[in-house]
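[1] When you get a sec, could you give me coordinates for this:
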Amino acid sequence: MTTMTQSTKSQRGARHLSTCLLLLLALTHSVGSDAGALPLGRKPTTMATASGNQDNVCLANMKKNKFGQCKIPRGGSSAAAKADPATLSESLKVLGVTGAIVYLKDQFATGFANWWAQAETTRFLLAGAVAGIISRTAVSPLEVVATAQMVRGGNKGLIGELSGLWNAEGLKGFFKGNGANCLKVAPTRGVQFFAFEKFKLRLVAWKRQQMGLDEDADVALSPLERLIAGGFAGMVASSMVYPIEVVKTMLTMYPGKYAGIGAAFRGVLAEVGPRGLYAGLTPTLIAMFPYVGVEFMIYETAKIAIEAFLKENSEDGAFVALPVVISLCLGALAGAAAQTSAHPLDVVRKRLQVQGINGNPVIYKNTLDCFAGVASKEGLTALYKGLGPACVATIPGTGIAYITYEFMKQVLNLNSV
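    Numbering: from 1, shown residues only. This next block holds a predicted model:
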């Protein structure tokens, strides 16, 4: 039905355009001709004839009306009485091209507006990508320090690490690897939010089917179901962009070795081969389930509860949007809980990523071997190295990500289950 309507509109638009061009053609042809000439309200001009007699005659092919007055062509001069065919042809060409451009522009604008209104997937991906880029750039200095502590260990505090980084590399040291980080986090966050929404919709549809409800019946998801949806969303997103995560780690740990993202890619491939781009993927996928699942579960469960409380206590019982400050705090709380629950796996992932690169020895065979090796050689506390800076980076970063995502959902007219 929609296709037929759009086709009918296109045909009508084409007919209107053709009608306008025919009218313009007729108008252009009439300009300068004698048709519709206006009478000149003055006495006819006199001029000498070839015989020397003076008679009342009209100048240069002017015609007389029934009152004996000369008629001036609407074009202004008898020289323009007949339009130049070449000029007329060029004018029609310009009019035709201009009309076609205007018509195509309107059709494109209408088509894009219709596509954008239905492109929910693209809008969710865009909202998540923007949220990820803004949040990650805002906390880049803390992310650099956290990565350094997880890889090399050490007992330096947060302030000491930041001071040493400033003295050694200056301002640019706070943002090393941020380009690769944003290149990673934009699709990661975009896919995370999109996949989370889709998994929730699938769960809602499944629950309706199990309960024998209509397709539009309201069904609430439990915190556990939100955790499951978030966990799978995190695993899907991480598996798609994991090579960029490896490159980001290389640029952060060895900023002088690689000229950029492309050079880091080539360097990893040259030193350890394609498998180097997926080193540490197993602990990453294992970590992403609780990390993203806990984050989404805590944020959305708390958000829904607070919005329900605000609605019940409003004067007219209308929906009350979550204030930005509360959204920021909920995101920070969710990020801190998620980071703490998955941090040991994050440490193992970083250790596996740098093995065999830049002269680092290959010590661990797999995820379990790395867990056991780090715990036995450095103690269990080593599995939480860098947790402080990581939480300091995660708390504001996750909060900023969620308030940006909520803002983008309003701008893009998106709704969540």
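[2] how close does A146 get to A259?
    Taking Cβ to Cβ, to the nearest Å as the measure, A146 and A259 are separated by 24 Å. C-beta here means a position set from N, CA and C on the backbone, and glycine is covered the same way.
[3] buried set for the helix or strand where Q410 lies?
    Q410 belongs to helix 387-411 when assigned by DSSP states H and E. Buried residues in helix 387-411, defined by neighbour count with 16 or more other Cβ atoms under 10 Å: 387-409.
[4] Okay, helices next: where are they in the protein?
    Chain-ordered helices for the chain, with DSSP state H as the definition, fall at 2-30, 85-118, 120-138, 140-152, 158-169, 178-211, 223-253, 261-272, 281-312, 324-353, 367-378, 387-411.
[5] Give me the average confidence score over the helix holding Q410.
    Confidence over helix 387-411, taken as the mean pLDDT, stands at 86.
[6] Quick one: list the elements packing against it.
    Secondary structure elements in contact with helix 387-411, counted by 3 or more Cβ pairs under 8 Å, 6 or more residues apart in numbering; DSSP states H and E, are helix 120-138, helix 140-152, helix 158-169, helix 324-353.
[7] Kindly calculate the angle that it makes with helix 324-353.
    Here helix 387-411 runs at an angle of 130 degrees relative to helix 324-353 (axes from the mean of the first three to the mean of the last three Cα atoms, to 10 degrees).
[8] roughly how far out does helix 387-411 sit from the chain middle?
    Using Cα atoms, centre = their mean, to the nearest Å, the mean C-alpha position of helix 387-411 is found 17 Å from that of the whole chain.
[9] angle of it against helix 158-169?
    Angle between the axes of helix 387-411 and helix 158-169 is 80 degrees (criterion: the same axes, to 10 degrees).
[10] My understanding was that M250 contacts V268; is that so?
    Yes. Taking Cβ atoms under 8 Å as the contact criterion, M250 and V268 are neighbours in contact, 6.3 Å apart.
[11] any shared contact partners between the two?
    Counting by Cβ atoms under 8 Å, 6 or more residues apart in numbering, the contacts common to M250 and V268 are I357.
[12] Give the residue spans of the stretch 201-350 of the chain that score low on pLDDT.
    Along the stretch 201-350 of the chain, the model assigns pLDDT under 70 to no residue.
[13] Around Q353, how many other residues sit close by?
    Residues contacting Q353 under the criterion other Cβ atoms under 10 Å number 28.
[14] Share the number of residues neighbouring the nearest residue to V268 once chain neighbours are set aside, please.
    Distances taken as Cβ to Cβ, 6 or more residues apart in numbering place G276 nearest to V268, at 4.5 Å, with adjacent residues excluded. A total of 21 residues lie near G276 under the criterion other Cβ under 10 Å.
[15] What of V374?
    The local packing count at V374 equals 21, with neighbours defined by other Cβ under 10 Å.
[16] can you pull the contacts of it?
    Under the criterion of Cβ under 8 Å, 6+ apart, the contact partners of V374 comprise V347, V348, R351, A382, L383.
[17] can you check E143 too?
    With contacts taken as Cβ under 8 Å, 6+ apart, E143 has the following neighbours: R136, N181, T252, A393, G397.
[18] P323: which of these is nearest?
    When these are compared for distance to P323 (Cβ to Cβ), G397 comes out closest, at 19.7 Å.
[19] Who are the contact partners of the closest residue in space to that closest one that isn't next to it in sequence?
    Across the structure, with Cβ to Cβ, 6+ apart as the measure, the residue nearest G397 apart from its sequence neighbours is V139 (4.1 Å). Residues touching V139, when contacts are defined by Cβ under 8 Å, 6+ apart, comprise A393, T394, P396, G397, I400.
[20] again, 6 Å this time
    For V139, the set of contacting residues under the criterion of Cβ atoms under 6 Å, 6 or more residues apart in numbering consists of A393, P396, G397.
[21] And it, how close does it get to L126?
    If you measure V139 against L126 using Cβ to Cβ, the figure is 21 Å.
[22] and what of S239?
    21 Å.
[23] Which of those two has more residues huddled nearby?
    Just comparing S239 and L126: by other Cβ under 10 Å the higher neighbour count belongs to L126, 19 against 14.
[24] Name the residues that touch stretch 161-173?
    The contact list for stretch 161-173 (Cβ under 6 Å, 6+ apart) reads V145.
[25] Next, the buried residues of it.
    Neighbour counts over stretch 161-173 (16+ other Cβ under 10 Å) mark E161, L162, L165, G173 as buried.
[26] cool, and stretch 209-216?
    Neighbour-count burial for stretch 209-216, with 16+ other Cβ under 10 Å as criterion, is recorded at no position.
[27] go on, stretch 189-201?
    Of the residues in stretch 189-201, those buried under the neighbour-count criterion (16+ other Cβ under 10 Å) are R189, G190, V191, Q192, F193, F194, A195, F196, E197, K198, F199, K200.
[28] Tell me, how many residues neighbour the nearest residue to I326 once chain neighbours are set aside?
    Sequence neighbours aside, I306 is the residue nearest to I326 in space, at 6.4 Å (criterion: Cβ to Cβ, 6+ apart). Here the count is done by other Cβ under 10 Å, and I306 has 16 residues near it.
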